[in-house]
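1. When you get a sec, could you give me coordinates for this:
(one chain, ligands or ions: 2)
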Amino acid sequence: MELLNDEYYMRLAIQLAGGAAGQTGINPVVGCVLVKDGRIVGMGAHLKRGTAHAEIHALQMAGAEAEGSTAYVTLEPCSHFGITPPCSDRLIKEKVKRVVVGSEDPNPLVAGTGIERLRQHGLEVVTGVLAEACRELNETFNHFIGSKRPFVTMKTASTLDGKIASRTGDSKWITNAESRTYVHNLRHRHQAIMVGIGTVLADDPLLTTRLDVPALHPIRLIIDSTLRLPLESKVVTDRTAETLVLTTENASESSKQRLEAAGVTVISCGSGPQVDLSKAMELLGGRDIASILLEGGGTLNGAMLEQRLVNKIHLFFAPKIIGGGRQSLDTMPFAGFDRMEEAIRLERTTVQQFGEDVCVTGYPRYS
Ligand code: AOF
Ligand code: ZN
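-> Ligands and ions are numbered 1, 2, ... in the order given. Below you'll find the predicted structure:
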């Protein structure tokens, strides 16, 4: 039996927040639980950018019972006028007595001032309850709010010897159905999915989220420096999700117009021969894209890693060995480093198993 204490209610708030992961866009996921005289009187989660914050939903549910209650919030209540008015003011107005906060809001418009405001008005504030878990909920938001660039998660699926296709190009399937279902869950949780034109030409993928339950489709991002994307490819003809093509200023104007007429948005990133990936991240951030799932192919994976634009990695390995040397494709080919000490290291690694497949997750640290 779980003990009734501050952590108990905070855990509940974390669960509420986590349930909405993937659907809040550039906003954080936040959960709130209101407790009075030993009972839960209100619960809420932030569900969508532009709609009420977690605290407001919980306060509305509690009504008059909010007075004298304790609020458990995974993120510091806001103190600024964004799309919605400040939650800290509302907690004060409803006469909440005590506020237990999981993690501080890294948004420079808040950053401690929400907590300060509550204290100034005589509310008791306890901070840092399950702080680590609360911060983990929002690794995307925490990155985006400071950098204004998307948090990029790279996902690869290879054999144990690191191959994404056999020497003849066969790649269906490397990983098992369980692993692939998990990848569709990852798609639901990211605002955009990114692939290189080579992958589109080779596989003609749909890049939508296919699950047995309702799920969100990420915006499709295609890196295509010379606009080779065929008008009959699925990412153009299928309108389930938006498609954005990132190219260069040198791309042909007529190809651009043809794609735009077919409903695709074309964005120029730099004047070089290749798409300026760093510029692409800046422009996508400017379009309120806070998270990207990078699904290859190898060349794009390698370039993104080399340019230090990858924030998190999921490496799926199927227990197979295909060989083929240079004739079979690698997950992330790039020029590489001379010395082992220069290697990109993954930190905070974890391992998950999907049937007989293995997934290694970590955060790259670039030296
Ligand atoms: C909270 N509770 O549930 C959330 C907060 O544009 P707005 O009005 O939606 O404000 C967005 C900012 O508010 C966001 O960047 C973050 O700092 C905070 N989010 N704060 O008290 C919530 N979602
Ligand atoms: Zn708020």
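
2. Need the pLDDT of the residue of the stretch 251-367 of the chain found nearest ligand 1.
-> Closest contact between the stretch 251-367 of the chain and ligand 1, by C-beta to the nearest ligand atom, is at residue 290 (10.3 Å). Placement of C-beta: from N, CA and C, glycine included. Predicted confidence (pLDDT) at residue 290: the value is 98.

3. and whatever residue of the stretch 151-300 of the chain ends up closest to ligand 2, what does it touch?
-> Using C-beta to the ion, the closest approach of the stretch 151-300 of the chain to ligand 2 is made by residue 290 at 17.5 Å. Taking C-beta atoms under 8 Å, 6 or more residues apart in numbering as the criterion, residue 290 is in contact with 25, 26, 140, 141, 143, 144, 150, 151, 191.

4. If you rank those by neighbours, which is first?
-> residue 150 (29 neighbours; other C-beta atoms under 10 Å).

5. ok, and what's touching stretch 313-324?
-> Outside stretch 313-324, the residues that touch it by C-beta under 8 Å, 6+ apart are 153-161, 163, 166-167, 174-176, 179, 183, 186, 328, 331, 346, 354, 356-364.

6. among those, which are in strands?
-> 153-159, 346, 354, 357-364 (DSSP state E).

7. Just flag the most distant two among the contacts of residue 290.
-> Distance extremes for the contacts of residue 290: the farthest pair is 25 and 143 at 14.1 Å, using C-beta to C-beta.

8. sorry, back to before: drop anything exposed from the ones in strands among the contacts of stretch 313-324.
-> By neighbour count, with 16 or more other C-beta atoms under 10 Å, those hold 153-159, 346, 354, 357-359, 361-362, 364 as buried.

9. Closest to residue 204 out of these?
-> Residue 204 has its nearest neighbour among these in residue 157, at 17.6 Å by C-beta to C-beta.

10. Pull up the per-residue confidence for that closest one.
-> pLDDT at residue 157 comes out at 95.

11. residues in contact with it?
-> Neighbours of residue 157 in contact, by C-beta under 8 Å, 6+ apart: 164, 174, 175, 179, 183, 316, 318.

12. Quick check: bridge partners of it?
-> residue 316 (DSSP bridges).

13. Against ligand 1, how distant is it?
-> For residue 157, the distance to ligand 1 equals 33 Å [C-beta to the nearest ligand atom, to the nearest Å].

14. ok, stretch 82-97 near ligand 1 or not?
-> Yes. Looking at stretch 82-97 against ligand 1 by C-beta under 6 Å from any ligand atom, the contacts come from 82, 83, 84, 87.

15. For the first one, what are phi and psi?
-> Residue 82 adopts backbone torsions of phi -100, psi -130, taken as degrees, to the nearest 10.

16. For it, list the residues it contacts.
-> For residue 82, the contact set (C-beta under 8 Å, 6+ apart) comprises residue 109.

17. For it, give me the pLDDT.
-> The model's pLDDT for residue 82 equals 82.

18. quick one: it from residue 94, how far?
-> 19 Å (C-beta to C-beta, to the nearest Å).

19. now the third one
-> Between residue 84 and residue 94 the computed distance is 15 Å (C-beta to C-beta).

20. follow-up on the earlier one: so which of the contacts of residue 290 sit within strands?
-> Reading strands off the contacts of residue 290 with DSSP E, I get residue 151.

21. how about the contacts of residue 290 in a markdown table, adding pLDDT?
-> Shown next, in a markdown table, are the contacts of residue 290 (pLDDT from 0 to 100):
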| residue | pLDDT |
| --- | --- |
| 25 | 96 |
| 26 | 97 |
| 140 | 96 |
| 141 | 97 |
| 143 | 97 |
| 144 | 97 |
| 150 | 98 |
| 151 | 98 |
| 191 | 98 |
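
22. between residue 84 and residue 94, which one's more packed in?
-> Legend: neighbour count by other C-beta under 10 Å for residue 84 and residue 94, higher for residue 94 (23 against 16).

23. Residue 71 sits in which helix or strand?
-> For residue 71, the host element (DSSP states H and E) is strand 70-75.

24. ok so, going back, tell me which of the residues of stretch 82-97 next to ligand 1 is nearest to ligand 1?
-> Using C-beta to the nearest ligand atom, residue 82 is the member of these that lies nearest ligand 1, at 2.6 Å.

25. Now do the same contact list for residue 66.
-> 34, 36, 41, 42, 59, 94, 95, 96.

26. Quick check: closest non-adjacent residue to it.
-> residue 94 (4.1 Å; C-beta to C-beta, 6 or more residues apart in numbering).

27. Hmm, the one you found is touching residue 58, no?
-> No. The criterion here is C-beta atoms under 8 Å, and residue 94 misses it with residue 58 at 10.0 Å.
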